[in-house]
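K.L.:
What follows is a predicted protein model with its sequence.
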Protein chains: 2
Amino acid sequence: MAKFMDVHHGMQGITAEQLSAAHRADLAIEATEKVHFERAWADPRSGTVYCLSEAPSAEAVRKVHERAGHPVEEIHPVPLSV
Amino acid sequence: MAKFMDVHHGMQGITAEQLSAAHRADLAIEATEKVHFERAWADPRSGTVYCLSEAPSAEAVRKVHERAGHPVEEIHPVPLSV
């Protein structure tokens, strides 16, 4: 398992409720790919959402986000953290 | 106070020790700007480092990182989180 930071763009105007709903949608299906989405942070103004996850691969992260209805192209492994 | 995600580029090859040292350098002086750096994640391969902070402004985050020796240009407010 490894940590990943993925970045969504084009989410201008996202609300707290929409961010929570998107996160819940990920949590509901993440186990199918052995992924766990830990946290997410959003900037409604720039439309950027950052998601921190633990997963077996970037591909697993991509699949969960896609099936949950919010596909992402930018997925970065972050093996180091403090 | 608000939350910010800042992104450093060009840090290829950064080690766990270097990430810790950089974080400690921020923590040592952050109070001068009323900033607190909570977490940081790094990808040595792409050279990307993400820092999560709580601060009065993006400018305050910029100042601390600059004085600590690792200036950053990309600082995003992230008012929403889950």
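P.N.:
The structure has been received and is ready for your questions. Predicted model, so just to flag it, every value in this text is computed and none were measured.
K.L.:
can you give me how far the top helix by length along chain A is from the chain middle?
P.N.:
The residue-count maximum for a helix in chain A (DSSP state H) belongs to helix A:16-29. Remark: helix A:16-29 is offset 10 Å from the chain centroid, using C-alpha atoms, centre = their mean, to the nearest Å.
K.L.:
can you check stretch A:60-78 too?
P.N.:
With C-alpha atoms, centre = their mean, you get 6 Å for stretch A:60-78.
K.L.:
Would you mind naming what in chain A lies close to chain B?
P.N.:
A:3, A:5, A:14-16, A:19-20, A:23, A:39-46, A:48, A:50, A:52, A:76-82 (C-beta under 8 Å from any C-beta of the partner chain). To be clear about C-beta, it is placed using only N, CA and C from the backbone, and glycine gets the same treatment.
K.L.:
Just the ones of the residues you listed in helices?
P.N.:
Counting by DSSP H, the residues of chain A next to chain B contribute A:16, A:19, A:20, A:23 to helices.
K.L.:
wait, doesn't the second one sit right on residue A:37?
P.N.:
No. With contact defined as C-beta atoms under 8 Å, residue A:19 does not reach residue A:37; the gap is 11.7 Å.
K.L.:
In chain A, mark out all the strands, start to finish.
P.N.:
Under the criterion DSSP state E, strands of chain A are mapped to A:2-8, A:36-43, A:48-55, A:74-77, A:80-81.
K.L.:
Looking at those strands, which one is packed in the most?
P.N.:
Highest mean neighbour count among the strands of chain A (mean count of other C-beta atoms under 10 Å in any protein chain shown): strand A:48-55, with a mean of 22.
K.L.:
before we move on, back to that, in the longest helix of chain A, what's buried?
P.N.:
In terms of neighbour count (16 or more other C-beta atoms under 10 Å in any protein chain shown), helix A:16-29 has its buried residues at A:18, A:19, A:22, A:23, A:25, A:26.
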